[in-house]
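S.K.: Just need the structure, nothing else, for what follows:
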Amino acid sequence: MQTNKPTIIAITGASASGKSLYAKTIFDELLPELGPNGIAIIKEDSYYKSQSHLAMADRVKTNYDHPSAYEHSLLAQHLSELCQGNSVDIPTYCYKTHTRLAETIHLSPTPIILLEGILLFSSSELRNKFDIKIYIDTPLDICLVRRINRDTVERSRSVESIAEQYLTTVRPMYYQHIEPNKLYADIVVTRGGKNRMAIEMLKAKIRQLMHGR
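M.R.: Numbering: from 1, shown residues only. As a prediction, the model looks like this:
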C-alpha cells in the first residue's frame, strides 16, 4: 500500500438528507487550514451516466435513484488513480438537461478526499476503497420538504414532477438501495448536515490524520 495514499471519507444518506451540506461544511471549514492541496471533495452525482444519445423525453424517464444510473466503475477507477498519486478528470453533470457536459474538472490527489452521494455504499467495489464511511440519517418527511425546496429553486422543476418522482423512484429506491446499506457505516449522523458535534468530530479526526502524515 502506498504510504501517503489519500484518506477517502465517504458520506451517504437519502436524497436531501444533509450529506452534501455536511461534506461541504467540513470542506469549507478545513480548506483555509489545509489548503487546496490538502483536501478535496467529489460528488457522486458527477458520475451519472451520459445520456446525450437519448431524447429529453427519454432522459426524464431514467431512474436516477438506482445504482445503474451511475458509472460507478469510472468513479472506482478514479479513486484508484488518486490513491496511486495520479490526477483525474471528473465529469460534470447538468440536472436541467439530464446529461453530462463537455467540461471536466481536473483533480490532483490530496491527503483527504471527501466523497458524497446517495448510493456510495451500494457498490462493494466502491465500499472497499473507503477509509471512513458516514451515513446521514434523516427522516424521509424532512428530506422530501428539503428536496421540494431545492429542486424548484435550483433545478427548475415543478412540485408535481418532484412528487411523482419521489413516489415512483426516490422513496422505493431509498428502502431498496440506501437504508439497508446503513449497516456498512462506521458513523451514523443524526439531525442532518447541521449537527455541529458530528462536524467537529470529523474535523478532529481529519486533523489527527494530517498530523500522522
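S.K.: quick one: low-confidence parts of the protein?
M.R.: Along the chain, the model assigns pLDDT under 70 to residues 1-3.
S.K.: quick one: the helices in it?
M.R.: Assigned helices in the chain, in chain order: 19-34, 56-59, 72-83, 124-127, 140-154, 159-165, 171-173, 196-212 (criterion: DSSP state H).
S.K.: Include mean neighbour count and distance to residue 97 when you put the ones you listed into CSV, please.
M.R.: To be clear about C-beta, it is placed using only N, CA and C from the backbone, and glycine gets the same treatment. Formatted as CSV, those follow (neighbours: other CB atoms under 10 Å; distance: least, CB to CB, whole Å):
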stretch, mean neighbour count, distance to residue 97
helix 19-34, 18, 20
helix 56-59, 11, 7
helix 72-83, 18, 20
helix 124-127, 15, 26
helix 140-154, 15, 14
helix 159-165, 14, 15
helix 171-173, 18, 22
helix 196-212, 14, 34
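S.K.: Note down every partner strand of the longest strand seen in the chain and its orientation.
M.R.: Assignment by DSSP state E gives strand 99-107 as the longest strand of the chain. If you go by DSSP bridges, strand 99-107 pairs up with strand 88-94 (antiparallel).
S.K.: Tell me how far the closest residue to residue 21 other than its chain neighbours lies from residue 27.
M.R.: Nearest residue to residue 21, sequence neighbours excluded (CB to CB, 6 or more residues apart in numbering): residue 193, at 3.0 Å. Residue 193 is 12 Å from residue 27, where distance means CB to CB, to the nearest Å.
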